[in-house]
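Peer 1: sequence-free structure coming up:
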Ligand SMILES: NC(=O)C1=CN([C@@H]2O[C@H](COP(=O)(O)OP(=O)(O)OC[C@H]3O[C@@H](n4cnc5c(N)ncnc54)[C@H](O)[C@@H]3O)[C@@H](O)[C@H]2O)C=CC1
Ligand SMILES: O=C([O-])C1=[NH+]CCC1
């Protein structure tokens, strides 16, 4: 008889998960995913159920990594919140299972995992695709993802300036107070992104907020929001001028309004670049369209569970 699952709460995840250990595991997982070897990764495109009454969706994200002995699934609800709503845009729970027996070994807070693994994958995209010597980072949006992106990008790259834009002055002010380093508050998207070498879009917008005419040639854009086929963050000009990369080609073709509605071609997955099967066009304008993948949650959950067992449940 299998034992009861352990529950690993948010504070424990914050204590156990570190970008230094997470980033290499995510790079490895993205490479494995793009090899499409079922012994390495089985991960279907997210199954999504609309919650029409609440303007949201429930996504189910199962993943099996046979060679690594990892079986995992995440349940994530994500919403189109009204401006001014204090409810979170996403809520997630990750379950780690024993693939041999089928029991749940751990139930883990998924919000911290989602925040950190998404930002870490965007940082991997920048590591692979951003021009060398990048100096200016612009972040559009000031929510949960903006914060984790600020943390990992400033940790991994020596930017001279980080600019931030939000629809509201309060959003920018709150963000500036919550980060530990310097930020330039911008009053318009154009002001934030003109001349920027790297741009992160982490908004809940369903219409384009970033326009190609403002983007410096050769800049790298990590586009994280707009994860429904009719939602946008980027305009057609940018999507068509840039070389477009994604985490999952099938995911992008199924879920990304920026890809589907612009008709842009997905040139490669990040994993293809990691595996050396597709080039990194650092010299060109690049867009990494992130949708989020179960395999990213699976390696994060395994890392947390292994650390939890090794270090114990309390500091
Ligand atoms: N690609 C991925 O793996 C993941 C993507 N996401 C997506 O990333 C986005 C950000 O997520 P969180 O930071 O958790 O959300 P959040 O609610 O904490 O922050 C959202 C930000 O977008 C701004 N915003 C809302 N509506 C806007 C509009 N119409 N135009 C411009 N800005 C607007 C808000 O003021 C806020 O600054 C969401 O779209 C979410 O679905 C979230 C998790 C994973
Ligand atoms: O991968 C993920 O967890 C999500 N992608 C879009 C909303 C949540």
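Peer 2: In hand now; what should we look at? Everything numeric here is computed off the predicted structure, so don't read it as measured data. Ligands and ions are numbered 1, 2, ... in the order given.
Peer 1: Let me know how buried the residue in the stretch 1-150 of the chain that ligand 1 sits nearest to is, in neighbour terms.
Peer 2: Proximity of the stretch 1-150 of the chain to ligand 1 (C-beta to the nearest ligand atom) peaks at residue 143, 1.9 Å away. The way it works is simple: take the backbone N, C-alpha and C, and place the C-beta from them, glycine included. Using other C-beta atoms under 10 Å, residue 143 has 20 other residues around it.
Peer 1: With residue 79 instead?
Peer 2: Using other C-beta under 10 Å, residue 79 is surrounded by 17 other residues.
Peer 1: mind listing what it touches?
Peer 2: Neighbour list for residue 79: 51, 54, 55, 56, 57, 87, 89, 90 [criterion: C-beta atoms under 8 Å, 6 or more residues apart in numbering].
Peer 1: which of those residues are close to ligand 2?
Peer 2: Among the contacts of residue 79, the residues that sit close to ligand 2 (C-beta under 6 Å from any ligand atom) are residue 90.
Peer 1: do you know how far residue 27 is from residue 299?
Peer 2: For residue 27, the distance to residue 299 (C-beta to C-beta, to the nearest Å) stands at 10 Å.
Peer 1: brain fart, residue 279
Peer 2: Per C-beta to C-beta, residue 279 is found 25 Å from residue 299.
Peer 1: The two: who's more crowded?
Peer 2: For residue 279 versus residue 299, neighbours defined as other C-beta under 10 Å are more numerous around residue 299 (26 against 11).
Peer 1: any idea how far residue 33 is from the residue in the chain that ligand 2 sits nearest to?
Peer 2: Taking C-beta to the nearest ligand atom, ligand 2 has its nearest neighbour within the chain at residue 292, 1.9 Å off. When distance is defined by C-beta to C-beta, residue 292 is 12 Å away from residue 33.
Peer 1: anything in contact with each of those two?
Peer 2: Common contacts of residue 292 and residue 33, defined by C-beta under 8 Å, 6+ apart, comprise residue 247.
Peer 1: Please identify which of these two sits among more neighbours.
Peer 2: Using other C-beta under 10 Å as the criterion, residue 292 and residue 33 rank with residue 33 on top: 27 against 24.
Peer 1: what sits against that one?
Peer 2: 40, 41, 43, 247, 248, 269, 271, 293, 295.
Peer 1: Just the residues you listed: which are in helices?
Peer 2: Those of the contacts of residue 33 mapping onto helices are 271, 295, per DSSP state H.
Peer 1: Show me which of the contacts of residue 33 is closest to residue 66.
Peer 2: residue 40 (7.3 Å; C-beta to C-beta).
Peer 1: Flag every residue of the stretch 101-250 of the chain that's near ligand 2.
Peer 2: Residues of the stretch 101-250 of the chain lying close to ligand 2 by C-beta under 6 Å from any ligand atom are 114, 227.
Peer 1: which stretches of the stretch 101-250 of the chain form strands?
Peer 2: For the stretch 101-250 of the chain, applying DSSP state E, counting those that start in this stretch gives strands covering 104-109, 136-140, 161-165, 184-186, 198-201, 220-223, 243-246.
Peer 1: which one of those strands is the most hemmed in?
Peer 2: Burial of these is given as mean neighbour count (mean count of other C-beta atoms under 10 Å); strand 220-223 ranks first at a mean of 30.
Peer 1: who touches that strand?
Peer 2: Strand 220-223 has contacts (C-beta under 8 Å, 6+ apart) with 122, 125-126, 129-131, 134, 149, 197-201, 210, 215, 233-234, 238, 242, 258, 285-290.
Peer 1: Show me this structure divided up by domain.
Peer 2: The chain breaks down into these domains under automatic domain parsing: 6-113+295-311, 115-292.
Peer 1: Just name the most buried of the ones you listed.
Peer 2: Highest mean neighbour count among these (mean count of other C-beta under 10 Å): domain 115-292, with a mean of 20.
Peer 1: Tell me how far it lies from the chain's centre.
Peer 2: Chain-centre distance of domain 115-292: 10 Å, with C-alpha atoms, centre = their mean, to the nearest Å.
Peer 1: now the helix or strand harbouring residue 72 and strand 104-109, what's the angle there?
Peer 2: Using DSSP states H and E, residue 72 sits within strand 70-79. With axes from the mean of the first three to the mean of the last three C-alpha atoms, to 10 degrees as the basis, strand 70-79 and strand 104-109 are set at 30 degrees to each other.
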